[in-house]
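> fold the following, please.
(2 chains)
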Amino acid sequence: MQLHEYQAKDIFKKFEIVVPEGRVAVSSVECKEYFELLAKKCVIKAQIHAGGRGKAGGIKLVTSPQEAEDAGSQMLGSNLNTFQSAGGEFPINKIYIEEALNVTNELYLAITMDFEMKCPVVILSTEGGMNIEEVAEKFPKKIIKLFVDPLIGLSPYKVRKLCSMLNMGKKLDEQLSSTIFKAYSIFDSLDCSLVEINPLAVVEKESIVALDAKITIEDDSMFRHKDLAKLFDESQMNETELNALKNDLSYIKLFEGQIGCMVNGAGLAMATMDITMKAGMAPANFLDVGGSASEDKIKEAYRIICSDKDVRLILVNLFGGILRCDVAAKGIVDGHKETRKKTPMIVVLRGTNSDEAKTILQNSDLDITFARDLPDAANKIQQKLGN
Amino acid sequence: MSILNNDSNKVLIQGLGRDGSFQTEKCIQFGTQVVSGVHPTRAGKTFGEGVPIFGSVEEAVKATSPDIGLIFVPAPFALDAIVEQIDSDIRTVVCITEGIPVSDMIKVNQYLKDKKTRLIGPNCPGYIIPEKNVKVGIIPNDIVSSGEVGVVSRSGTLTYEAIVQLTKLGIGQSACVGIGGDPIHGTTFVDVLEMFEKDKNTRAIVMIGEIGGTNEQIAANKIKDEISKPVVACIVGQTAPQGKRMGHAGAIVTGKSALASEKIEALKNAGVTIADSPTEIGLKVHNLLK
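Below you'll find the model as predicted:
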């Protein structure tokens, strides 16, 4: 679960990481008012769930109340599409306005999981403000990594050594080291997959301040952080993805695809997408209904696929194990009763109760072509395309 | 002999909820020797046809000496269950549970070092050895057949797809192992490749990977240097967009090396036969064994 910058900064404050003075504004008038309260120079920042805001026009420096109001009215209510938003657009419903500081230089700090080393890693770089992937490509030597033993935690002596490598002087070293510890304690106690501060600024040559804040909490650990669930901003997800999430379906909309896919199991779902592409038509979505889907869940999955205007053909590929195919078939028929859309379907049903499922589907008025297996389904897609 | 051979193939089950009980029943039907169950509040009772339930793994081990532990407990309690089985020195622990926090799994991974236990999973379908009638997990009973091809995969249902393709072509399996779709998992591709290389019953290997991480590249290096048996590989997720988690927690393209194309390239360079489409896995093996 991704948090907005302003929410992450609230958490930073609780953990005593220094951040600029700032306020959340939901109207341009508020932008103007808060500017007057805050400073002579402020930064207006769009609160969206995507990185790369600066380049996309989602961050603006303002020097008068009028400019603050104008920037606010321009951003609020509009949508932002950044290079990191994978084709989607994010609505700007909130703005974070904060004092602009006198920055001497910018660092980069992040804590994330390193899946190769199988432990958390602290990543530090002197090239703050840039996209870290870009730094890794252009100046790989300017990235320092510190791997953390999961059972011991962050060792102070290692952090001291890390900070001293930047040659910033004792005072800044101490502040940096303390910031790293606080950021790690957020990462650890909130089960994060990412805590990122970019840039982490040296201000007036004497203090270290987190100018940006990014926190992503690992979805699988949300059961331990029910109090944080309310921070989730539903507006940052498109309606279909949100609907899927609420129904515990793993769904990802793919742009420019035309075959709607409904599959159980992530690997089989990816395989199914791959064969649609090889058969000559791009998949419109990834959809894994999960291991033990109920009738209602399948019905919702069917409705989600039908609601996608790009979908010309639906490919259902279910391998019953814990999932019962007859239950799935009933779900599809129920979904069809509500949507009344007669999108042609190719259906592969195998495993638990697949014969019963076929009977249920045959007795419905859906436009169904059955396929024996995945190779057969690929052929049938091509036949349909040929027609 | 087969891979994952223990002194006995006695299995302890931890987690006897709806799915756990249903799947245990299927294991028993396949011929697996299930000797005990563990449930904190059902100790003293039995399940299935008189399999005793104990309050702790320690007690179950004392009374029934299993070599294998199978875990179905829900994600919030999985860390504790895995550690409990490690502490009782169970040789092979298979964890089916999906959705265990990464922060828990990195601790398990660290704790496992220098221990006697081999962990398979989590978020996996477990393993099956048709010849020995041993099934520890949830791979469907009726799709497998005994033979000489070893299957190792990160996926669940896609593994079934591959097994079906093999069986339909009359190609049996020496063993099928699902190593799981989580980024941090116990047994790796490399571990299973080593087992298949040593296994006299295995003639060829099928490896099914997906986007995310670099485990396929590590496996490619292993194959290049140490695996003499022919390998057919299929990597799925070629159509997956950047930065989106494709169901499995580990299936996410985060950088160039996580791409399907990079993995395929590495495997090709290691001399592996690639099934370009998931529909061709069986056929590629068939052609290889001709």
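> where does chain A dip in pLDDT?
Chain A contains residues with pLDDT under 70 at A:85-87, A:387.
> tell me what whichever helix in it runs longest is packed against?
Assignment by DSSP state H gives helix A:170-189 as the longest helix of chain A. For helix A:170-189, the packing partners by 3 or more Cβ pairs under 8 Å, 6 or more residues apart in numbering or on different chains; DSSP states H and E come out as helix A:5-14, strand A:103-114, strand A:119-125, helix A:156-164, strand A:192-203, strand A:207-210. Backbone N, C-alpha and C define where each C-beta goes, glycine included.
> buried deepest among those, which one?
strand A:192-203 (a mean of 23; mean count of other Cβ atoms under 10 Å in any protein chain shown).
> for that strand, the distance to its chain's centre please.
Relative to the chain's own centre, strand A:192-203 is displaced by 18 Å; criterion: Cα atoms, centre = their mean, to the nearest Å.
> just the C-alpha atoms of it, please, in PDB.
Provided in PDB are the C-alpha atoms of strand A:192-203 (Å, rounded to 0.1, in the frame of the first residue of the first chain):
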ATOM      1  CA  CYS A 192       7.500  -1.500   4.500                       C
ATOM      2  CA  SER A 193       8.700  -2.600   1.100                       C
ATOM      3  CA  LEU A 194      10.100   0.900   0.600                       C
ATOM      4  CA  VAL A 195      11.100   4.000   2.600                       C
ATOM      5  CA  GLU A 196      12.600   6.500   0.200                       C
ATOM      6  CA  ILE A 197      13.800  10.000   0.800                       C
ATOM      7  CA  ASN A 198      14.800  11.700  -2.500                       C
ATOM      8  CA  PRO A 199      16.100  14.200  -2.000                       C
ATOM      9  CA  LEU A 200      17.400  14.200   1.500                       C
ATOM     10  CA  ALA A 201      18.800  17.700   1.600                       C
ATOM     11  CA  VAL A 202      21.700  19.400   3.400                       C
ATOM     12  CA  VAL A 203      20.200  22.700   4.200                       C
END
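> pull up the pairing partners for that strand, direction included.
Strand A:192-203 pairs in its sheet with strand A:103-114 (antiparallel), strand A:207-210 (antiparallel), strand A:214-217 (antiparallel), by DSSP bridges.
> you'd agree A:Met277 is up against B:Val236?
No: A:Met277 is not in contact with B:Val236 according to Cβ atoms under 8 Å; the separation is 11.1 Å.
> between the two, which one's more packed in?
Between A:Met277 and B:Val236, counted using other Cβ atoms under 10 Å in any protein chain shown, B:Val236 has the larger neighbour count: 28 against 15.
> okay, and the beta partners of the more buried one?
B:Glu210.
> B:Asn133 and chain A, how far apart?
Note on B:Asn133: its distance to chain A, by Cβ to the nearest Cβ, to the nearest Å, is 19 Å.
> ok, back up a step: list the buried ones in the longest helix of chain A?
Within helix A:170-189, the residues that count as buried by 16 or more other Cβ atoms under 10 Å in any protein chain shown are A:172-173, A:175-188.
> cool, stretch A:255-272 as well?
Quick answer for stretch A:255-272 (16+ other Cβ under 10 Å): A:257-272.
> distance between the ends of that stretch?
17 Å (Cα to Cα, to the nearest Å).
> from the chain's centroid, how far away is stretch B:96-104?
Worked out by Cα atoms, centre = their mean, stretch B:96-104 lies 15 Å from the chain centre.
> oh sorry, the question was meant for stretch B:224-238
Using Cα atoms, centre = their mean, the offset of stretch B:224-238 from its chain centre is 17 Å.
> of the strands paired with strand A:192-203, give the one that comes closest to A:Lys14.
strand A:214-217 (11.7 Å; Cβ to Cβ).
> return the list of helices and strands in contact with whichever helix or strand comes after the closest one.
Next helix or strand after strand A:214-217 toward the C-terminus (DSSP states H and E): helix A:239-246. Helices and strands touching helix A:239-246, by 3+ Cβ pairs under 8 Å, 6+ apart, are strand A:250-253, helix A:295-307.
> specify the beta-bridge partners of the residue lying closest to A:Leu101 once chain neighbours are set aside.
Leaving out its chain neighbours, the residue that sits closest to A:Leu101 by Cβ to Cβ, 6 or more residues apart in numbering or on different chains is A:Val203, at 4.7 Å. Counting by DSSP bridges, A:Val203 forms beta bridges with A:Val103, A:Ser207.
> measure A:Val203 to B:Tyr160 for me?
A:Val203 sits 58 Å away from B:Tyr160, going by Cβ to Cβ, to the nearest Å.
> ok so, going back, show residues contacting the longest helix of chain A.
A:11-12, A:15-18, A:107, A:109, A:111, A:120, A:122, A:124, A:148, A:153-154, A:156, A:159-160, A:162-164, A:166, A:168, A:192, A:195, A:197, A:200, A:202, A:206-208, A:210, A:215, B:103 (Cβ atoms under 8 Å, 6 or more residues apart in numbering or on different chains).
> residues contacting B:Val136?
B:Val11, B:Cys27, B:Thr32, B:Ile68, B:Leu70, B:Thr92, B:Val94, B:Gly126, B:Tyr127, B:Ile128.
> the same query, at a cut-off of 7 Å, please.
Going by Cβ atoms under 7 Å, 6 or more residues apart in numbering or on different chains, B:Val136 touches B:Val11, B:Cys27, B:Thr32, B:Ile68, B:Leu70, B:Val94, B:Gly126, B:Tyr127.
> per-domain residue ranges of the chain.
Just going to use chain A. A:1-20+A:102-235, A:21-100, A:237-386 (automatic domain parsing).
> wait, chain B was what I had in mind.
B:10-120, B:139-289.
> deepest-packed of those, please.
Highest mean neighbour count among the domains of chain B (mean count of other Cβ under 10 Å): domain B:139-289, a mean of 22.
> start and end of that one, how far apart?
End-to-end distance for domain B:139-289: 24 Å, by Cα to Cα.
> from the chain's centre, how far out does that domain sit?
Taking mean C-alpha positions (Cα atoms, centre = their mean), domain B:139-289 and its chain are 11 Å apart.
> would B:Gln23 count as being in a helix?
Yes: counting by DSSP: H, G, I helix; E, B strand; the rest coil, B:Gln23 falls inside a helix.
> read off the pLDDT value for it.
As predicted, B:Gln23 sits at a pLDDT of 91.
> re earlier: which among the helices and strands packed on helix A:239-246 is found nearest to B:Phe196?
Closest approach to B:Phe196 among these (Cβ to Cβ): strand A:250-253, 30.9 Å.
> that closest one: partners in the sheet, and parallel or antiparallel?
strand A:285-288 (antiparallel).
> tabulate the CA atom coordinates of the strand it pairs with in CSV.
Taking Å, rounded to 0.1, in the frame of the first residue of the first chain, the C-alpha atoms of strand A:285-288 are listed here in CSV:
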residue,chain,number,x,y,z
ASN,A,285,-5.8,-7.7,-18.5
PHE,A,286,-4.1,-9.9,-15.9
LEU,A,287,-6.7,-11.5,-13.7
ASP,A,288,-6.0,-14.2,-11.1
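> can you list contacts of it?
Contacts of strand A:285-288 (Cβ under 7 Å, 6+ apart): A:249-254, A:257, A:260-266, A:269, A:273, A:301, A:305, A:308, B:246-247.
> which other residues reach stretch A:118-133?
Outside stretch A:118-133, the residues that touch it by Cβ under 7 Å, 6+ apart are A:106-114, A:135, A:139, A:142-150, A:162, A:166, A:180, A:184, A:187, A:198-200, B:106, B:109, B:184.
> repeat that for stretch B:178-190.
A:115, A:118, A:266-267, B:100, B:102, B:105-106, B:109, B:112, B:118-127, B:137, B:152-156, B:159, B:192, B:207, B:213, B:215, B:218-219, B:222, B:248-251.
> sorry, back to before: let me have the strands paired with strand A:192-203 in a markdown table, extended by distance to A:Leu323.
Below are the strands paired with strand A:192-203 laid out as a markdown table (distance: least, Cβ to Cβ, whole Å):
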| stretch | distance to A:Leu323 |
| --- | --- |
| strand A:103-114 | 30 |
| strand A:207-210 | 46 |
| strand A:214-217 | 29 |
